[in-house]
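In: A predicted structure for the sequence below; I have some questions about it.
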Amino acid sequence: MKKWMKFVLVIAVMSVIFVAGCKDDTTDPDVNAFEVLTTYMDGNGMTVTDLLAGWIIVPDSLVQVLDQNYVMDIRTSDKDGNGVVDYIDGHVPGSVASSLGTIVDDAALADNPIVVVCYTGQAAGHAVMALRLSGYTDAKVLKWGMSGWHSDFDLWTGNCAQLDHANWVAAPGLIADTEVFDYPEIDTNLEDGVGILAERVAALLDGGFKGITALDGDTTIGALDNPGDFFINNYWAAEDVVTYGNIDGAYRIKPLVLENLDPAGIVVTYCWTGQTSSMVTAYLTVLGYDAKSLKFGANSMIYDALLGHKWSASMDYDYDTGE
């Protein structure tokens, strides 16, 4: 990205911080922030279709062009109290440590197109969406994350499952009829698209990765266990639902039509692997929806039945040479 564009984006972010500290009640009540934001984004190549163009790179492609990319590793586990311990234990050669919260600020140092690495390729979707909305339009996710790079970090194998769950509607599936809803309200004192977008991207990063599991946990509610608690969107083509089925009560809104999403509910998007749905969830979060990505996607629910889009194995590339 050209340096002058980065400078403009830095100024925009600084302006958002300044305005946020000086909010008052002078905002024009007739300004619809959601409409201003979406009009600005749609007019500047930031539709969800635009943002999902060429967004992912597989490990065996990245390893051939490492010197042509700026690889940012956002695995910032602090489980040992020493900061980025997983990065220290092993990373893509030449990659730099970053975090989801600081990815846009850290990207100012990038001198090549950015590739973001996380554990599984899912949190990186949030980071890449934030980057693409901040002017780094060629940023990409490393498919499967560090799990795909080396088996030392494999978090995929243990999260793939064939559940045969009562709330999975067998093929040919039964998708809920689409409905029309109001758009979400965006709480802001800003009235211009540039400023609102920068503010919403900052809110996305501050909020962290927004994921949900298929099954209930000790302190969490699973989307497959309790589909009625969520607005679930199956982000597949129609023929894929016919082949595999769907979560009970799920909609199928692809291409993404915003008026068909319920802003009063938690919008859970699921795809094959949780990587595309992470990108979509980040996009919806920026637009003001309460959105979550179903972690590990269909691989966590119907793994054995999948004919493609399946996790297989790590590449086990060398940490020093990439060979």
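Out: Alright, I've got the coordinates.
In: can you count the residues close to E35?
Out: Residue crowding around E35 was assessed by other C-beta atoms under 10 Å; the count is 12. Just so you know, the C-beta spots here come from the backbone N, C-alpha and C atoms, and that holds for glycine as well.
In: list the contacts for it?
Out: Y183 (C-beta atoms under 8 Å, 6 or more residues apart in numbering).
In: Would you mind measuring the gap between the ends of stretch 45-61?
Out: From the first residue to the last, stretch 45-61 extends over 26 Å; the measure is C-alpha to C-alpha, to the nearest Å.
In: same deal with stretch 165-183?
Out: One end of stretch 165-183 sits 33 Å from the other (C-alpha to C-alpha).
In: Could you do stretch 225-234 as well?
Out: End-to-end distance of stretch 225-234: 16 Å, with C-alpha to C-alpha as the criterion.
In: Likewise for stretch 130-150?
Out: Criterion C-alpha to C-alpha; first-to-last residue distance in stretch 130-150 is 26 Å.
In: likewise stretch 309-320?
Out: Distance between the two ends of stretch 309-320: 29 Å, counting by C-alpha to C-alpha.
In: residues in contact with that stretch?
Out: Under the criterion C-beta under 8 Å, 6+ apart, residues 59-60, 63, 90-93, 144, 147-151, 153-154, 156-157, 160, 272-273, 298-299, 303, 323 lie in contact with stretch 309-320.
In: cutoff 6 Å now
Out: Contacts of stretch 309-320 from elsewhere in the structure, counted by C-beta atoms under 6 Å, 6 or more residues apart in numbering, are 59, 63, 90, 148-151, 154, 156, 160, 272, 299.
In: next one: stretch 215-234
Out: Outside stretch 215-234, the residues touching it (C-beta under 6 Å, 6+ apart) are 165, 167, 212-214, 246-253, 262, 265-269, 294.
In: Which stretches in the stretch 1-150 of the chain count as helices?
Out: Shown for the stretch 1-150 of the chain, the helices assigned by DSSP state H, counting those that start in this stretch span residues 3-20, 33-43, 48-51, 59-62, 85-89, 103-106, 123-133, 145-149.
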